[in-house]
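**Q** Output the structure for:
(one chain, ligands or ions: 1)
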Amino acid sequence: MPEPVSPIVWRDGELEIIDQTRLPEELVFIRPRTVEEVWKAIRELKVRGAPALGIAAAFGLYLAIKDFQAKGEEELCAQLKKAADYLASSRPTAVNLFWALKRVQEKVARAQGLGVEKIKELVLREALAIQQEDESMCLAIGRYGAELLKEAQAILTHCNAGTLATARYGTALAPVYYLATQGKVLRVFVDETRPLLQGARLTAWELKQAGIPVTLITDSMAAVVMQKGWVQAVVVGADRIAANGDVANKIGTYGLAILAREHGLPFYVAAPSSTFDLTLATGEEIPIEEREPAEITHLGLRPIAPQGIAVFNPAFDVTPHHYITAIITEKGILRPPYQESISQVLFKEAARQK
Ligand SMILES: CSC[C@H]1O[C@H](OP(=O)(O)O)[C@H](O)[C@@H]1O
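**A** So this is what the prediction gives:
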């Protein structure tokens, strides 16, 4: 199986990003050189997917300061905070973006006294570390998730939680890639995922590249695919997971969870620990991004709805934890009650590090 692509790399002193708005027709790379260009790439979903947003934001911080002529560390840190606040305004739901911005700034705060140039180098090193760690976390999610899917013939997934949404390998698709390397090839039923079609444009593309069999369906077909018994599990990604296990993910996920429950299918969420937001008790507190009406009323330039029609365009919804069979993380499989299993897996690790 060909190695899944990485959508975002630091190569020869430049940030190189696959422009995901050009897929599946063209594989086009862009090289943002300023924090403004990174902000725009995030906002326009040229780079998207919760972990990939964290990685892009971390590199965006470096681009914001690499050529900045600071008189001293204090001025440099002020520029870094200004850039972090700016990047934080690009998209509100995926917590990985905010987690990465916070992690880099905290690293810099602990490095006071190093000098301006050393701090700049440290920010780049931290962005590279975030990217490398994410790839390792996706691999671990693949191994843990494979245990849950090893008896399945096919799964259904929604949106794109594959290699294009992460450093590499993905979250929901990581077990599919891992099983393929072990000689077990699953078929993946892919929701097209209106309105921006991340499933049809991105998941179908990346799985085809990897030689994984794909069946593309419209979002409205998921129920009958489950009714016919064509899939044995539903596996999706996440953009933010609250302390009780409520999951924010692409709009349409909540409906899939209810359908899975109705058809007696396991509903798995795959996410690294950087997607958990333990400051939020429940999913009710997760900010849900609302995007432009034109994403729904138009297909490209062509209107597909009457002009001026009222539109509701939330990019995400929240699936209550009681619909979720298990959460696959890089540290293991979390089972209900999530309030306990999340803290045991995530906090216990942190406690040991103190
Ligand atoms: C591996 S997390 C991917 C997650 O992000 C997607 O949203 P978007 O394409 O708007 O960035 C979707 O919710 C995926 O599940």
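**Q** For the rest of this, base every contact and every neighbour count on C-alpha atoms.
**A** Fine.
**Q** From Met226, how far out is the closest residue in space to Leu53 that isn't next to it in sequence?
**A** With sequence-adjacent residues excluded and distances taken as Cα to Cα, 6 or more residues apart in numbering, Leu53 is closest to Leu97, at 5.3 Å. Distance, Leu97 to Met226, using Cα to Cα, to the nearest Å: 34 Å.
**Q** State the pLDDT value of Gln353.
**A** Predicted confidence (pLDDT) for Gln353: 46.
**Q** re earlier: how about the one helix or strand the residue nearest to Leu53 maps to, which residues are buried there?
**A** In the assignment (DSSP states H and E), Leu97 maps to helix 95-109. Of the residues in helix 95-109, Val95, Asn96, Leu97, Phe98, Trp99, Ala100, Leu101, Val104, Gln105, Val108 count as buried by neighbour count, 16 or more other Cα atoms under 10 Å.
**Q** what do you get for stretch 225-238?
**A** Residues of stretch 225-238 classed as buried: Met226, Val231, Gln232, Ala233, Val234, Val235, Val236, Gly237, Ala238 (neighbour count, 16+ other Cα under 10 Å).
**Q** ok, back up a step: quickly check: the helix or strand following the helix holding Leu97 near the ligand or not.
**A** Note on helix 95-109: by DSSP H and E, the next helix or strand toward the C-terminus is helix 116-149. No: if you take Cα under 6 Å from any ligand atom as the test, helix 116-149 misses the ligand, and the best it gets is 9.2 Å.
**Q** Name the next helix or strand following helix 116-149 along the chain.
**A** That would be, after helix 116-149 and using DSSP H and E, strand 154-157.
**Q** Show residues contacting that following strand.
**A** Strand 154-157 is contacted by residues 172, 186-191, 222, 230-236 when judged by Cα atoms under 8 Å, 6 or more residues apart in numbering.
**Q** burial measure for Trp205, as a count.
**A** For Trp205, the count of nearby residues is 18 (other Cα atoms under 10 Å).
**Q** and it, what helix or strand is that in?
**A** Element membership for Trp205, per DSSP H and E: helix 204-209.
**Q** and the helix or strand following that helix, which strands flank it?
**A** Going down the chain from helix 204-209, the next helix or strand is strand 214-217, by DSSP H and E. Using DSSP bridges, strand 214-217 pairs in its sheet with strand 187-191 (parallel).
**Q** chain center to the strand it pairs with: distance?
**A** Chain-centre distance of strand 187-191: 18 Å, with Cα atoms, centre = their mean, to the nearest Å.
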